[in-house]
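Engineer: no FASTA, just this:
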């Protein structure tokens, strides 16, 4: 029988404790790795409607761009600053497809680890994303990824290696089909994690890859903040990076794709 990654219904702090127990102790069984459904449709996906994303308020659901306007970007940036996220307003990119719209374009520079020493986690590529994506990204990195890395490596997490964020294209770079979440700024690809000692742990195979147990833990926990997580084992297109997005899925927007 096909198994899917569980929906995260715990609080962010509980998610961290679960992740640390899973990774830090050999006596605890690791969660099963996310499995790829038979097709990229709604069949085979987790159809349970999740609750609000951690830290969410009464704002429109993630990916509901029609309710967002450029006038809200200052408020969004201010909210990010209170969370220790440094970002700046970006110029909306030119596009060939009118559907490729980012209502609140920003470039994210760093997020602050919310537990431990409060280290800044840098984004050297300063990816272009919609401001809506920055908040769940900061929660996941600061409250799950950084603490899990801290108990497994001799050096703290320093930086995140990413793709460009925004790309006006279809899913999986297909010539036809649905528009990618990258095309509206609601997705980010992570290819590696840099430690303070200079070591870079890549997503995928190889001697420098993030250990499988660590990767499983942060992927499973990420389902509490993102509506989609794809990575090694999902399909060939995501064999060397994690794809994270907050785009709405399904007729009611309640589907989550954790592969």
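Structural biologist: Great, that's in hand. As the structure is a prediction and not an experimental result, all values here were calculated from the model. Numbers count the residues shown, from 1 in each chain.
Engineer: any weak-confidence spans in the stretch 1-150 of the chain?
Structural biologist: By pLDDT under 70, the low-scoring segments of the stretch 1-150 of the chain are 1-71, 115-117.
Engineer: Would you state the strands of it in chain order?
Structural biologist: Taking DSSP state E, counting those that start in this stretch to define them, one finds strands in the stretch 1-150 of the chain at 86-89, 105-112, 120-122, 128-130.
Engineer: Give me whichever of those is most buried.
Structural biologist: Mean neighbours per residue, mean count of other Cβ atoms under 10 Å, is largest over these for strand 128-130, with a mean of 26. Just so you know, the C-beta spots here come from the backbone N, C-alpha and C atoms, and that holds for glycine as well.
Engineer: For that one, which outside residues touch it?
Structural biologist: Outside strand 128-130, the residues within contact range by Cβ atoms under 8 Å, 6 or more residues apart in numbering are 65, 68, 90, 93, 102-108, 137, 164-166, 184-188.
Engineer: Mind checking which of these are buried?
Structural biologist: Buried members of the contacts of strand 128-130, scored by 16 or more other Cβ atoms under 10 Å, are 65, 68, 90, 102-108, 137, 165-166, 184-188.
Engineer: one step back: keep only those of the contacts of strand 128-130 that are in helices.
Structural biologist: Counting by DSSP state H, the contacts of strand 128-130 place residue 137 in helices.
Engineer: And stretch 234-246, what's buried?
Structural biologist: For stretch 234-246, using 16+ other Cβ under 10 Å, the buried residues are 234, 238, 240, 241, 242, 243, 244, 245, 246.
Engineer: if I pick the fourth one, what's in contact with it?
Structural biologist: The one in question is residue 241. Going by Cβ under 8 Å, 6+ apart, residue 241 touches 163, 189, 190, 191, 203, 204, 231.
Engineer: how close does it get to residue 204?
Structural biologist: To residue 204, residue 241 is 7 Å away according to Cβ to Cβ, to the nearest Å.
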